[in-house]
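Novice: 3D, please:
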Amino acid sequence: MHAAVATQAGGPENFDWREVPVPTPGAGQVLVETAAAGLNFIETYQRSGLYDVHYPFIPGSEASGTVIALGDDVTNVAVGDRVATASAEATYAEFFVAPADKLLPVPDTIDLIEAAAIPLQGMTAHYLCRSTFEVKPGHNVFLTAGAGGVGQLLIQMCKHLGAHVYTVVSTEEKRKIALNAGADEVFDYDNFGDKLREVTNGVGVDVVYDGVGANTFDTSLASLRIRGMMVLFGAASGPVPPFDLQRLNSSGSLFATRPSLAFHTLTGDEVSWRAGEIFGWLAEGALRLSVDERFDLKNAGDAHRALESRSTTGKTVLVP
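Specialist: Alright, predicted model coming up:
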């Protein structure tokens with residue numbers, strides 16, 4: 001098979017489209033023919049050397065496709081099943097292996113390429129609003145990057161759950177995307193703190209979902225109501241520096257957490273519950289997928305350049 005291989009730490013130019021062996025599924029694993037691989041920021045950190053990996057390295061943990069072989073002790077899926085996952089290995093390739101108990105069954109009504117938008121961004125949006133802070137009718141919610149892949153899905157989910165949703169974007173084009181996703185109000189980054197205080201009559205929001213990190217954290221924290229929750233789930237602008245926990249007390253007994261998807265998909269039952277709700281919302285029209293850009297898998301470097309320049313919106317996928 002062919003795969004997009006990062007030959008060494010560095011820039012997107014270090015990707016090489018080369019032949020590599022087809023992986024063999026081990027016990028509890030399946031082999032999947034790739035329909036699409038999801039593009040995510042963590043892969044830019046791995047490629048650049050910010051995260052420690054061994055080179056040559058095939059990135060990717062998220063993908064969709066068709067099961068073509070089973071490892072030992074696999075009973076929950078069959079050859080020919082349409083699946084998606086965020087728990088695979090080396091998905092920037094024409095085939096990949098994944099644990100059978102971390103597969104999302106993809107209904108026939110969902111396009112397999114679009115299904116690649118669900119495992120990481122869809123499941124992330126789901127755990128944020130259903131588990132980390134359970135959004136209920138009447139809540140005021142603020143989230144960063146409302147035109148991004150997680151942002152668009154999180155807006156839709158929070159609106160479906162009855163919340164009033166505010167977000168922030170960097171361009172007029174992205175403002176339209178966030179509003180189309182259902183955001184009640186969309187702000188610019190340079191004044192979003194003042195705007196949030198204004199629209200909440202000085203009270204603040206119940207929860208902030210911040211995936212930007214260093215550039216927005218302080219303003220996001222200051223935008224919370226008394227006993228509000230700060231949910232930091234990403235660091236697109238860089239990691240948040242250490243801060244004095246006393247700030248949570250002096251700002252109104254605030255809560256702060258740094259969740260991740262891995263700890264919210266620990267069991268097959270939890271994966272099935274989250275996937276079931278997401279596909280149910282898709283079926284009833286409460287949720288729309290947004291695969292806005294597709295790159296040939298052999299052009300993974302171009303996809304990384306687009307992601308790092310912040311020019312992408314919605315979900316970007318790599319298609320063999």
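Novice: Need the three-state assignment for Ala69.
Specialist: The assignment at Ala69 comes out as strand when based on DSSP: H, G, I helix; E, B strand; the rest coil.
Novice: Show me where this protein dips below the pLDDT cut-off.
Specialist: Residues of the chain meeting the criterion pLDDT under 70: none.
Novice: pull the longest helix from it.
Specialist: helix 268-284 (DSSP state H).
Novice: can you pull the buried residues of that one?
Specialist: Val271, Arg274, Ala275, Ile278, Phe279, Trp281, Leu282 (16 or more other Cβ atoms under 10 Å). The way it works is simple: take the backbone N, C-alpha and C, and place the C-beta from them, glycine included.
Novice: same thing with stretch 187-199?
Specialist: Buried residues in stretch 187-199, counted by 16+ other Cβ under 10 Å: Phe187, Tyr189, Phe192, Gly193, Lys195, Leu196, Val199.
Novice: now the residues you listed in CSV, with distance to Gln8 and secondary structure?
Specialist: Output for those, formatted as CSV (distance: Cβ to Cβ, whole Å; DSSP: H, G, I helix; E, B strand; the rest coil):
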residue, distance to Gln8, secondary structure
Phe187, 41, strand
Tyr189, 34, helix
Phe192, 39, helix
Gly193, 41, helix
Lys195, 44, helix
Leu196, 43, helix
Val199, 48, helix
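Novice: What is the nearest of those residues to Gly71?
Specialist: Of all the buried residues of stretch 187-199, Gly71 sits closest to Tyr189, with 46.9 Å by Cβ to Cβ.
Novice: Phe192 versus the nearest residue to that closest one once chain neighbours are set aside, what's the distance?
Specialist: Spatially, and ignoring its direct neighbours in sequence, Tyr189 is nearest to Val168 (5.5 Å; Cβ to Cβ, 6 or more residues apart in numbering). Distance of Val168 to Phe192, given as Cβ to Cβ, to the nearest Å: 4 Å.
Novice: Now for those two: what residues contact both?
Specialist: Phe142, Thr216 (Cβ atoms under 8 Å, 6 or more residues apart in numbering).
Novice: Give me the residues contacting stretch 256-275.
Specialist: Looking at what lies outside stretch 256-275 - Cβ under 8 Å, 6+ apart - the contacts are 76, 86-87, 101-105, 118, 120, 123-124, 126-128, 130-132, 221, 229-233, 248.
Novice: how about the helices in the chain?
Specialist: Ranges of helices within the chain are 41-48, 112-115, 123-127, 149-160, 172-181, 192-199, 217-222, 246-250, 268-284, 300-308, based on DSSP H.
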